[in-house]
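K.L.:
Provide a 3D model corresponding to the input given below.
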Amino acid sequence: MIDEILSLVEKHEEWRGKQCLNLIPSENVMSPAVRGLLASDLGHRYTATERFYMGTRFIDEIEQYGEEIAKEVFRAGTADLRPLSGHIADLIFLASFAKPNDVLMCVSPEDGGYPGIWKDGLAGLFNIKTVPFPFSERDMNIEVEETKEAIRRVKPKVVVFGASLITFPHPVKELAEVTHEEGACVGFDGSHVMGLIAGEHFQDPLREGASALFGSTHKTLFGPQGGIILADKEHGEVMKAKIYPAFVDNAHWNRIAALALALAEMKKFGNAYADQVIRNAKTLAKALHDYGFPVRCQHLGFTQSHQVLLDYGGFELGRVIAEKLQDANMIVDCGVRIGTCEVTRRGMKETEMLGIAELIKRAVMDNEQPQNVKKDVAKLCADFQKIEYCFES
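P.N.:
Okay, the predicted model is just below:
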């Protein structure tokens, strides 16, 4: 049994880590130093805000340091690294600023919003009513004037920007004033674009009118899997007061230490990294479009984030495309969202994006034998095994 478990992990690391092009936009790769902290002694330990446990002097310093660097990176009044996931960060925000029968306005799952806060997710759990943003499928963004009217009409208690499909900045600045006039609390689920926000190459929700920025730490932000909350003082302190013991008990201090180091890497290298992620996405999108792939939003330059969206009309055909690519060791999801965050972290630039577009074409359009394409994928991957934008570089 032991050998089987170790063998499966080894096979996974060899295949996904060394032989595959990972193009899933919700995944990234940690630096060796960040990854190493996950296996530290901190993974065994407890601490608590009321100081019930002894032996926590260094853990407490790590948490304080992580919060300080997070506030610096995101220019936030408060920061909290304890949420165990982006979903838990969403939960904390909603539980802090909404109550049963209040109205939540956000991007619906049909328009690429996160299902976890919609009717079957947290909103349903808390008996919160959901109203979708008026949304332009052509532009893949929120309709500003229609949304102003909707906010005045339905008077939401909480408004959450951000989405799972997010290629362009959301109009927080354009909608913040009317939202505040109606007494709503504004949040931004930055799960997908947290690293681009930190790198100052997407948008700046906390300066544009959002009171809180929250989400995952392992997508464009290249930390361990987990969650984070950034906020102004007023709203941040409300959430901090509720986190323990209602939503997080033991906060996984090995993860927090790893996240603190990843944030330090983001502070040092984030601007260059975020710039290259977006450059790569634009280059890949244009190349795929030129090959005849159905890349969305050509009229807007395809993307301003890490995501390239291919429109196959749904998951049924999307799964067929994803399986074709997987047979050739190129990993995407069944929505055929293509992400450039991990390949960028591995050092790939525009030239490699042109090569990736050609590999995708060979696998999907030319129906070339997967084994032949797979060999060239492996050659490309072999040249980019070192993690960039980190202190080891």
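K.L.:
Check the burial of Thr217 by counting its neighbours.
P.N.:
Using other CB atoms under 10 Å, Thr217 is surrounded by 28 other residues. C-beta here means a position set from N, CA and C on the backbone, and glycine is covered the same way.
K.L.:
right, and it touches Gln225 too?
P.N.:
Yes: assessed by CB atoms under 8 Å, Thr217 is found in contact with Gln225 at 7.2 Å.
K.L.:
now the helices for the stretch 1-150 of the chain?
P.N.:
In the stretch 1-150 of the chain, the helices defined using DSSP state H, counting those that start in this stretch lie at 2-14, 32-37, 57-74, 86-97, 122-125, 144-154.
K.L.:
next SSE after the last one?
P.N.:
Taking DSSP states H and E as the definition, the helix or strand that follows helix 144-154 towards the C-terminus is strand 158-161.
K.L.:
Quick one: name whatever helix or strand follows that following strand.
P.N.:
helix 172-181.
K.L.:
give me every residue that touches Pro187.
P.N.:
Not quite, residue 187 is Gly, not Pro. 93, 97, 158-161, 210-214 (CB atoms under 8 Å, 6 or more residues apart in numbering).
K.L.:
Kindly apply the preceding question to Ala264 instead.
P.N.:
Ala264 neighbours (CB under 8 Å, 6+ apart): 69, 391.
K.L.:
how close does it sit to Ala95?
P.N.:
Ala264 sits 30 Å away from Ala95, taking CB to CB, to the nearest Å as the criterion.
K.L.:
Against Ile117, how distant is Thr47?
P.N.:
29 Å.
K.L.:
Over to Val144?
P.N.:
For Val144, the distance to Ile117 - CB to CB - is 21 Å.
K.L.:
When those two are compared, which one has more neighbours?
P.N.:
Ile117 (29 against 14).
K.L.:
Check what pLDDT the residue nearest to that one when sequence neighbours are not counted gets.
P.N.:
In space, not counting the residues next to it along the chain, Ile117 is nearest to Asp90; the distance is 5.2 Å by CB to CB, 6 or more residues apart in numbering. Per-residue confidence at Asp90 stands at 98 (pLDDT).
K.L.:
How about Cys20?
P.N.:
Confidence for Cys20, expressed as pLDDT, is 97.
K.L.:
Report the angle between the biggest helix by length in the chain and helix 57-74.
P.N.:
As assigned by DSSP state H, the longest helix anywhere in the chain is helix 253-290. If you take axes from the mean of the first three to the mean of the last three CA atoms, to 10 degrees, helix 253-290 sits at 30 degrees to helix 57-74.
K.L.:
Please identify the buried residues of helix 253-290?
P.N.:
253-266, 269-270, 273-274, 276-289 (16 or more other CB atoms under 10 Å).
K.L.:
residues contacting the residue nearest to Asp189 when sequence neighbours are not counted?
P.N.:
For Asp189, ignoring the flanking residues on the chain, the nearest one in space by CB to CB, 6+ apart is Gly162 at 3.5 Å. For Gly162, the contacting residues are 106-107, 114, 170, 188-193, 215, by CB under 8 Å, 6+ apart.
K.L.:
Equivalent analysis for Cys297, please.
P.N.:
138-140, 167-168, 303, 309 are the contacts of Cys297 under CB under 8 Å, 6+ apart.
K.L.:
which among those end up buried?
P.N.:
Using 16+ other CB under 10 Å, the buried ones in the contacts of Cys297 are 140, 167-168, 303, 309.
K.L.:
now those in TSV, with distance to Gly86 and pLDDT?
P.N.:
Shown next, in TSV, are these (distance: CB to CB, whole Å; pLDDT from 0 to 100):
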residue	distance to Gly86	pLDDT
Met140	21	97
Thr167	19	98
Phe168	20	98
Thr303	21	98
Leu309	20	97
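K.L.:
Around Phe391, count how many other residues there are.
P.N.:
Using other CB under 10 Å, Phe391 has 13 neighbouring residues.
K.L.:
Could you tell me the phi and psi values at it?
P.N.:
Backbone geometry at Phe391, expressed as degrees, to the nearest 10, gives phi -70, psi -30.
K.L.:
Ala98 now?
P.N.:
According to degrees, to the nearest 10, Ala98 has phi -140, psi 150.
K.L.:
wait, doesn't it sit right on Leu104?
P.N.:
Yes: under the criterion of CB under 8 Å, Ala98 is in contact with Leu104, at a separation of 6.3 Å.
K.L.:
Between those two, which contacts overlap?
P.N.:
What both Ala98 and Leu104 touch, as defined by CB under 8 Å, 6+ apart, is the set 128, 157-158.
K.L.:
who wins for most neighbours among those residues?
P.N.:
Within the shared contacts of Ala98 and Leu104, most neighbours by other CB under 10 Å means Val158, with 24 neighbours.
K.L.:
check contacts around it.
P.N.:
Val158 neighbours (CB under 8 Å, 6+ apart): 93-94, 97-98, 102-105, 128, 184-187.
K.L.:
TSV for the residues you listed, including distance to Ile5?
P.N.:
Listed next are those as TSV, based on distance: CB to CB, whole Å:
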residue	distance to Ile5
Phe93	37
Leu94	37
Phe97	43
Ala98	42
Asp102	46
Val103	47
Leu104	42
Met105	45
Ile128	41
Ala184	49
Cys185	45
Val186	46
Gly187	40
